[in-house]
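J.: Turn this into a structure:
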Amino acid sequence: MAATTSGAIKARLESLSFGVPVFRDGPREGQSCPFIVVTEALSTSMDTANGDFGDPDAPITIVEKVAVDLVQNARTKSGAATAKNAERYGLAEAIAHALHGHQLPAHPAKVTAVRVTDIDRFPISDNRVRASITVEIHRELLTEEVTPA
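T.: Sure, this is the predicted structure:
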């Protein structure tokens, strides 16, 4: 079982056959493309659709926004003065599809919903292109997130 949201997403993506390494919060130094970076808790809000706010014993449910960034090389050199496309078109969409609706069983908290809300593609910079997938995770707030051991 993963200890964090990013760990649960990492476990899900690594279980698939995309052949792309997944990192939490950033790649290791010198990591070659392609790679995926998962950044958790971009924002957190109350899940007002679940829970009884009048019951002090009811579980607290939150919506945690996460970014799943796919970084790829745009082109690769194919000759002395030529280059060919290296980007795997459709990979970001396949990653989004693999996450949307998945219950993330490796997550330490009870997850009630996983929704991909959008995919943004950022322009080429230094021969790299980045697709950022925004994911909303509806889950219980763990006691240890409030009161550390």
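J.: and Gly79, what element?
T.: For Gly79, there is no enclosing helix or strand under DSSP states H and E.
J.: distance of it from Asp120?
T.: Separation of Gly79 from Asp120 (C-beta to C-beta, to the nearest Å) stands at 32 Å. Where C-beta positions appear, they are placed from N, C-alpha and C, glycine not excepted.
J.: These two: which has the busier surroundings?
T.: Asp120 (12 against 7; other C-beta atoms under 10 Å).
J.: Could you list every helix and strand in contact with the helix or strand hosting the more buried one?
T.: Asp120 belongs to strand 111-125 when assigned by DSSP H and E. Judged by 3 or more C-beta pairs under 8 Å, 6 or more residues apart in numbering; DSSP states H and E, strand 111-125 is in contact with helix 91-99, strand 128-140.
J.: So the most centrally placed residue in the chain, which state does it fall into?
T.: The residue lying closest to the centre of the chain (C-alpha atoms, centre = their mean) is Val68, at 3.2 Å. For Val68, the assignment made with DSSP: H, G, I helix; E, B strand; the rest coil gives strand.
J.: That one touches Val38, doesn't it?
T.: Yes - at 5.4 Å, Val68 counts as touching Val38 under the criterion of C-beta atoms under 8 Å.
J.: Can you pull the residues that touch both of the two?
T.: Common neighbours of Val68 and Val38 (criterion: C-beta atoms under 8 Å, 6 or more residues apart in numbering): Ile9.
J.: Give the residue spans of this protein that score low on pLDDT.
T.: 1, 50-54, 149 (pLDDT under 70).
J.: One more pass at 80, please.
T.: 1, 48-58, 76-84, 86, 148-149 (pLDDT under 80).
J.: What distance do you get for the residue in the chain sticking out farthest from the centre to Glu87?
T.: What lies farthest from the middle of the chain is Ala80; by C-alpha atoms, centre = their mean that is 37.6 Å. Applying C-beta to C-beta, the value for Ala80 to Glu87 is 22 Å.
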